[in-house]
Structures are given as structure tokens and as C-alpha cells.
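In: Predicted coordinates and the sequence they were generated for:
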Amino acid sequence: MTKKLDPEDFYTTEEGFIVFTEHHHLKRGHCCESGCKHCPYGFDKATGTYKKRKKK
């Protein structure tokens, strides 16, 4: 089953790439450990570890 993306879930770069937003990652509910640009979970792909998040 394919879920529909809402407009706030992504944006498209000038090069045509789709970039998922923090909103999308939080809605998904878990980290995919792919080193996403807007990862709210703090995963660092270079080290394979999670950074502690600063509370706002």
C-alpha cells in the first residue's frame, strides 16, 4: 500500500531531487539511518551513531 505525501512532507530541489522534511520524518516515526538532510533523530551517517538532540 502506497501512502500519499502531503505538501509539507517534501520539497523539490532545483536539480529535481525530492527532499523529505523534518515533518515527514516525524510522521514516519522512526529513523531510516540513511543520513537524511532533515533528520530529527540526530543520526550521523559518517559515524553510524546518534547525536543527542538539544531541547528547544
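Out: Received, thanks. Residues are numbered from 1 along each chain as shown.
In: residue closest to the middle of the protein?
Out: The centroid of the chain falls nearest to Cys39 when counting by C-alpha atoms, centre = their mean (3.9 Å).
In: Correct me if wrong: it contacts Arg28.
Out: No. Here Cys39 lies out of contact with Arg28, judged by C-beta atoms under 8 Å, at a distance of 10.9 Å. Yep, even glycine has a C-beta here, placed from its N, CA and C like the rest.
In: so where do the strands sit in the protein?
Out: Taking DSSP state E as the criterion, the chain carries its strands at 10-12, 18-20, 43-44, 49-50.
In: Kindly reformat these as a markdown table containing mean neighbour count and distance to Ser34.
Out: Putting the strands of the chain into a markdown table (neighbours: other C-beta atoms under 10 Å; distance: least, C-beta to C-beta, whole Å) gives the following:
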| stretch | mean neighbour count | distance to Ser34 |
| --- | --- | --- |
| strand 10-12 | 12 | 14 |
| strand 18-20 | 14 | 10 |
| strand 43-44 | 14 | 8 |
| strand 49-50 | 11 | 13 |
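In: could those go into JSON lines alongside mean pLDDT and distance to Lys3?
Out: What follows is those, written out as JSON lines (pLDDT from 0 to 100; distance: least, C-beta to C-beta, whole Å):
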{"stretch": "strand 10-12", "mean pLDDT": "96", "distance to Lys3": "12"}
{"stretch": "strand 18-20", "mean pLDDT": "95", "distance to Lys3": "13"}
{"stretch": "strand 43-44", "mean pLDDT": "94", "distance to Lys3": "22"}
{"stretch": "strand 49-50", "mean pLDDT": "94", "distance to Lys3": "25"}
